Structure formats: structure tokens, C-alpha cells
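Student: fold the stuff below for me.
(2 chains)
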Amino acid sequence: MALSRLSLRSNRFLQPSTTTAALPSSLRRHVSTDTTPITIETAVPFESHLCDAPSRSVETSSSEILSFFRDMARMRRMEIAADSLYKSKLIRGFCHLYDGQEALAVGMEAAITRKDAIITSYRDHCTFLGRGGELVDAFSELMGRKRGCSNGKGGSMHFYKKDACFYGGHGIVGAQIPLGCGLAFAQKYSKEEFVTFTLYGDGAANQGQLFEALNIAALWDLPAILVCENNHYGMGTATWRSAKSPAYFKRGDYVPGLKVDGMDALAVKQACKFAKEHALKNGPIVLEMDTYRYHGHSMSDPGSTYRTRDEVSGVRQVRDPIERVRKLLLSHDIATEKELKDMEKEVRKEVDDAVAQAKESPVPEPSELFTNMYVKDCGVESFGADRKELKVTLA
Amino acid sequence: MASLLGRFCRKLVVPGSAHGSRMVSTTACDSEAVKSLNLYSAINQALHIALETDPRSYVFGEDVGFGGVFRCTTGLAERFGKNRVFNTPLCEQGIVGFGIGLAAMGNRAVVEIQFADYIYPAFDQIVNEAAKFRYRSGNQFNCGGINLVFNLPSKSLLLIRLLFIGLTIRAPYGAVGHGGHYHSQSPEAFFCHVPGIKVVIPRSPREAKGLLLSSIRDPNPVVFFEPKWLYRQAVEEVPEHDYMIPLSQAEVIREGNDITLVGWGAQLTVMEQACLDAEKEGISCELIDLKTLLPWDKETVEASVKKTGRLLISHEAPVTGGFGAEISATILERCFLKLEAPVSRVCGLDTPFPLILDAIKSTVNY
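Tutor: Numbering: from 1, shown residues only, chains lettered A, B, ... in the order given. The predicted model follows:
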């Protein structure tokens, strides 16, 4: 009964993915390392709220589009490898996969620097990779090993990378939003013209803390960009069942907003570039990224009880971010089919090597249980189970 | 209170009255039907009964409509309709706030927080609104109280009913092995510090059904923590009828002479094993299930410690500031001269619940 209603609504996910026609064959083939600008029109127009939408013509280059392809292929491979590692019980606990949403991570990176901050929810593996994280650090953290980016103490939901201003990885839904606005607050003080991208989901969009943070960010003109990754399902709840107004880009009310096709890496890049300029001049802006996740909410969710398999495969056929970039590369003659396939093979090998390397990393020492609670040498004592046998001075 | 409650349910378990040893029998009569159920099925049954017996009761929370992430609410929406069993958006503060409002208007709101780790956005509502409503309004309002309801089913018949209404907040708590920082917490100590609410933790399916029905029908706001480790693991014979287990009464589940052990929830499973191991070394342990942490049954524990002279408390939550500290201090006050040894606490480590991939034993040492 619920599913039939779902299939009616799932049509809205299938939006046409047309790109501009291929360049005439008389023009020479673009070399993949070429950085001369190419202009591509996004397939879907931007929708704006209280601001003028940016142009649909995105400036890019062959090398950039090719890098999109490689990076997204790597992210996709990583998530699929994580899926099989979870099923073979090497990764345990919680694992929330991002495949389908890769365009967001790569598009955002293309528009900003590594000094701009990004903070996100628990679906953070690809965002970490986008920030320059190594595959082996990601897999080690997933498996809870020492080599992991959080020393094996955080797990899937808590990836961080300080030198790339990636503030992680948060388990509690919505908790990262005020935190992100706080980062923007600090950036405003530093006057270095950097911004913070605070990512949250359509489920988190109903948390009170979002609105508190929006108000303060707007009141104090903070360079905060609040990005709603609308993958249309908060765990198993569709947006129409949880939100009175599923137009998340308008929910900032007095804060301007932009709705973006989140499966189009170039559109994401354009929107983030626009948002950064806006935030530095005028204060906060909300970006709603219309995206989709192929896996369920987490590895314990098959993802098929609240949406039809047709819907998922439909999106995969029509809107897959990697396929779109592949078509772009082929139609603009930037690469051949074989070259792209080879690239995917290389990426696959990279991922397999990283997994093998990560497996060799040991589990953290038991003494790590008590480290990093307080600042070093705080001298606080932590007690073990019976206050007598185990007593540790916290480091 | 017990006699009042007795009028409204078919079977009330009556406490034993032997001096110094309060035993509450929870065994069903031979004639009553029982069924082998696990914890989530027992809770499910209790919710079915609660909604069946009171038309003004509601169950809501995140994802409860399809049965909930732990299947505790299966079948409720289908049976009682979407007006009484419904999903809420992702906002704990809102969920509890709404529950308080509903209860204040004379309904039974049974609210679910998906994991106890997520209860903190609602902490303000529970502590500042639910717990203090009756107190600060001078008994005008409450979100758990006794309502006098006048019904006129026909012109000549006036029915006066005493309705116990209130807010019940259910949340799965406790370690499950792979839960990590945010799916394993035991936050009961925070709530035990709040006068005005009750905190109840069952140890097994049969207990859970009776205690949950008592909590729902208790005229005070109740926070009901369910040990998620036991949702599927614990299986027990559970009576099929409507029964309630009284709150604020501890149970001596194992008699002994050498040492008193006090615990609650999933930890009792671990402690029962410890008792068996201790018996091999010739130590006879008396094991008490506290069941209700606030207000807790001081008399039963006191009587037991006066008999054995030793007390050991065990809980999953970190040892510093855990509820064991309150029990220890109170028993010390009451039984100082009878104690042969200091009160011992075997509890969780003073760290955030770590990311561990092993079973629970590595965290809770005993």
C-alpha cells in the first residue's frame, strides 16, 4: 500500500540528463590534461530564494572533468569495498555509505580551497576522500585500526582531517550545524576570507538546532554555507512524510537559498562557488542539493522497504553522477571509452591495495581506551570497573 | 496506591509481606496462558494492551509506524490507526514536548526516543517541563496525574472513573557490543537526579511487560529504559494477559548470605553468571533487581545488606557519578554498623563508550 504511493512519487527523481551536443568532429580532440576553459551548461536550472541564481554556464576544463571522473570512481569503489568488508565482518558497528552522492563531494572541492572548512554528518567517507584523505586511512578507520584517520577510535562516523580543515564526521543528527556556524564565526574573526560548508541531511533539517544556528548566522553575517544533502529519505522516512515544506532551500526564510541538482558535479561546483562569494559578502546562504543514495541508510538497512527497486535503478540509469561525467568526457572527446575503463581499473586496484594495507594495520593498544579524554597531563584519574584494580591517569 | 491500581487491572502482583525479605512473585498462575517471548515482543504486547484498554493513549516517535527499529511497535499502527500510532519528524525535543502537552490534556502519551543516546535534546523538556509541571503549578497541571472523568453513557447512568494518565518515555539503552559512542550509552544516572520523574529499567521480557504497563498507567512522568542487548537475546515465558508489576519495589531474585549484589537491566544477566561462578568458590550471593531507580526501594536493599553485611553494585554506566554512588551512600547511612566491608562498585569505565568491535565483556569488567 505504501509502496504504490511511493512509485507515483518516485518519478520526480528521474530528471532528464541532457548535456550540450558534442562538439563538431572537425575540432581536434581535447587533451585530458588540457586546462583551457570549456563551458558546459547544467542540465537543470537552479531555483533560488531571496537571491539571483548563478548562471547555468559552468566554466571548467578537460583536466577538471577528468579529475571529477577519477575522484568519483575512487569514491564509488571505496564505498562498494566498504560494503563487502562490512558483510565479511571486518567492518563492524555502523557504516553509512555515500554512493550516488559523490558529485557533491567532488563538485564542492572544485569550488573551494583546503583552507575553507567542511563539516558534515556521519555519511562522511567520500567527503574525507574529497578533502585529500588517503584510502588506506579511510579503510583503517573503518576497520578500527591504528592507521585510521582518527587513530581507530572514531570509526565510520567520525572521520577527521585537520590539515585539510575537515571537521568531520558526527554521529548525532544535526549536532554539527551549530558547530559549523561556530567555525564560520571564527573564520569571520580571522578575516582571511575563508568560509565553512556545513552539511546536513533532509532528516536533520527538522532539528531545532538548525533554526537556532540559521538565526545567529544571519544575525551576525557569518560566512556559513548550510548545505542540505537532500537524498529524499531520512533513514526510511520520505521527505513528504516528515516535512511540511520539503523545499529545504527556502526554509532559511530570511536566509537566501539555492536549489541545485546534486547529481551534477558541475552544477554543484557552480553553486558552491556562488555560495562562497555570497557568504563572504552577505552572510549565510542555504544550498539544497537534490541527490540520491543507492544504499540504504546504513549497512543494516536494505533500502528497499520504503522505496521500490525500480526507483533506485531508475535514478542509477538516468542521473548517476559518474555516468553523466563519462558521457560528457566521451561527447567532448576528452577521453575514449577504453581510457576511462582503464582509469576505473586503476582506481579499483588502488582501492584493493589500500584495503590490503589497511588490513595489516594493528588494532589500537588497550591503553588507548584512556587517552585523549582531557588535555595531556591533566592528571585526572580514571577508574576501572571496581575503582581498585584499574586506575589510569588520563593523558 | 496498590489497592487503587488493583481495581483497574485484572491481575496485580501482590508483594510478599515477610519481614526483612520483600519478595515479589512474578510467576503466573497455572491457569493463565503464557507464551515464550523475547524482550521486544513482550514490550510490543504491553503496548497493544495499553492502547486497547485506554482509547486516549497514543504511541509516537521516530519510525514507530512500521514497527520501529527494534520492532517494539509492530502491528500497532495497523491495529489502532494512524491517529493513535504515528511517526514524528527527527526532533527529540519536539517529541517529548508534544508528549508533555498531550499528557497535560489528560491523555496517555507513550513516546519513543530511538536510542537513549539521542535523548539529550529532550533533556530540557524532561527535566524542566515534565518533572516540574505539577510542582510549579501548585497541582493545577501535570503531565502525569489522576483525572476524575465523568462519563454519561446513558441518561440514567453516570460513570465516574479515576483515570491515571501520564507521559511515558521509552528508550533503548545500554551496550550491544558494536554500538560505539552513540548507540550504547546508559544515561539513567542523569535522570535519577531529577525529582518529579520516575526511572524504570526491566531486566527480562516478563518484567518488561509488567513494568511497562505499570509505567504507562502510573500517574507520574516515567522514563523507561529498555536494555537493547536483550531485545532478541532474552527469551522468557510471558503471561498473555494484562498484568502490572508495581513500581518502586525491588526484587530479590536470588537468595544468599554472604554478599548482596544490586543491579538492573541487562547487567543482571552478567551478575547472575557471576553469582554462579562465586558459588563454585563457596560464596553465597544475594542478587537484587532494583527495577525502579527513582524512587528506589531502599528498604529491600537495606534489609538484605543487614543480613549479609556486604554490598556490591554493578552497572554499565561509568562508575564516577553513576547511580551506584547514590545506592552506596544511602546504604552506608542506613547500615554502617552492619557493614563488614566497604561498598563495592563494579561499573563501566570513566571514558566515553569506546569504538570497540568485541563483545561487551571487554568494557564491563567484573
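
Student: and chain B, is stretch A:118-128 touching that?
Tutor: No - Stretch A:118-128 stays clear of chain B (Cβ under 8 Å from any Cβ of the partner chain), getting no nearer than 8.8 Å. The C-beta positions use only the backbone N, C-alpha and C, and glycine is treated the same way.

Student: what pLDDT, on average, does that stretch get?
Tutor: Here stretch A:118-128 scores 97 as its mean pLDDT.

Student: likewise stretch A:308-322?
Tutor: Rounded mean pLDDT across stretch A:308-322 is 95.

Student: again with stretch A:281-291
Tutor: Rounded mean pLDDT across stretch A:281-291 is 96.

Student: how long is that stretch from one end to the other?
Tutor: Across its full length, stretch A:281-291 reaches 28 Å between end residues, using Cα to Cα, to the nearest Å.

Student: please apply the same query to stretch A:302-317.
Tutor: 20 Å.

Student: which positions within it qualify as buried?
Tutor: For stretch A:302-317, a neighbour-count test (16 or more other Cβ atoms under 10 Å in any protein chain shown) marks A:303, A:306-307, A:311-312, A:314-315 as buried.

Student: please, which helix or strand holds the closest residue to residue B:242 other than its chain neighbours?
Tutor: Leaving aside its sequence neighbours, residue B:242 sits nearest to residue B:49 (Cβ to Cβ, 6 or more residues apart in numbering or on different chains; 5.0 Å). Per DSSP states H and E: residue B:49 is located in helix B:39-53.

Student: dump that helix to CSV, restricted to CA.
Tutor: C-alpha atoms of helix B:39-53 as CSV (Å, rounded to 0.1, in the frame of the first residue of the first chain):
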residue,chain,number,x,y,z
LEU,B,39,12.0,-8.6,25.0
TYR,B,40,10.8,-6.7,22.1
SER,B,41,7.7,-8.9,21.7
ALA,B,42,6.9,-8.6,25.3
ILE,B,43,7.1,-4.8,25.1
ASN,B,44,5.0,-5.0,21.9
GLN,B,45,2.4,-6.9,23.8
ALA,B,46,2.4,-4.4,26.6
LEU,B,47,1.8,-1.6,24.1
HIS,B,48,-1.0,-3.4,22.4
ILE,B,49,-2.7,-3.9,25.8
ALA,B,50,-2.1,-0.3,26.8
LEU,B,51,-3.7,1.1,23.6
GLU,B,52,-6.5,-1.5,23.8
THR,B,53,-7.5,-0.6,27.3
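
Student: part of a helix, is residue B:101?
Tutor: Yes - counting by DSSP: H, G, I helix; E, B strand; the rest coil, residue B:101 is found in a helix.

Student: now for the residue in the stretch 1-150 of chain B that chain A sits nearest to: which residues touch it?
Tutor: Nearest residue of the stretch 1-150 of chain B to chain A: residue B:89, at 3.9 Å (Cβ to the nearest Cβ). Residue B:89 makes contact with A:203, A:206, A:234, A:237, A:242-243, B:62, according to Cβ atoms under 8 Å, 6 or more residues apart in numbering or on different chains.

Student: go on, residue B:338?
Tutor: With Cβ under 8 Å, 6+ apart, residue B:338 has these contacts: B:305-306, B:309.

Student: residues in the stretch 51-200 of chain A within reach of chain B, list them.
Tutor: So the stretch 51-200 of chain A meets chain B at A:92-94, A:144, A:152-155, A:157-158, A:171-174 (Cβ under 8 Å from any Cβ).

Student: before we move on, the earlier item: report the buried residues of the helix holding residue B:49.
Tutor: Buried residues in helix B:39-53 (16+ other Cβ under 10 Å): B:39-51, B:53.

Student: do the same with stretch A:246-254
Tutor: Neighbour count says stretch A:246-254 has A:246, A:248-252 buried, by 16+ other Cβ under 10 Å.

Student: let me have those in a markdown table, extended by distance to chain B and secondary structure.
Tutor: Compiled in a markdown table, these are given as follows (distance: Cβ to the nearest Cβ, whole Å; DSSP: H, G, I helix; E, B strand; the rest coil):
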| residue | distance to chain B | secondary structure |
| --- | --- | --- |
| A:246 | 11 | coil |
| A:248 | 13 | helix |
| A:249 | 18 | helix |
| A:250 | 17 | helix |
| A:251 | 12 | coil |
| A:252 | 17 | coil |
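
Student: farthest-separated two in these?
Tutor: Farthest apart among the buried residues of stretch A:246-254 by Cβ to Cβ are A:246 and A:252. That separation is 14.1 Å.

Student: tell me where chain A is predicted with low confidence.
Tutor: By pLDDT under 70, the weakly predicted segments of chain A are A:1-32, A:377-395.

Student: what's the longest helix along it packed up against?
Tutor: Scanning chain A for the longest helix, with DSSP state H as the assignment, gives helix A:62-87. Secondary-structure packing of helix A:62-87 (3 or more Cβ pairs under 8 Å, 6 or more residues apart in numbering or on different chains; DSSP states H and E): helix A:102-111, helix A:125-130, helix A:135-142, helix A:265-282, helix A:321-331, helix A:337-360.

Student: make JSON lines out of those helices and add distance to residue B:176 and mean neighbour count.
Tutor: As requested, the helices and strands packed on helix A:62-87 are exported to JSON lines (distance: least, Cβ to Cβ, whole Å; neighbours: other Cβ atoms under 10 Å in any protein chain shown):
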{"stretch": "helix A:102-111", "distance to residue B:176": "31", "mean neighbour count": "26"}
{"stretch": "helix A:125-130", "distance to residue B:176": "23", "mean neighbour count": "27"}
{"stretch": "helix A:135-142", "distance to residue B:176": "19", "mean neighbour count": "26"}
{"stretch": "helix A:265-282", "distance to residue B:176": "37", "mean neighbour count": "23"}
{"stretch": "helix A:321-331", "distance to residue B:176": "35", "mean neighbour count": "21"}
{"stretch": "helix A:337-360", "distance to residue B:176": "25", "mean neighbour count": "15"}
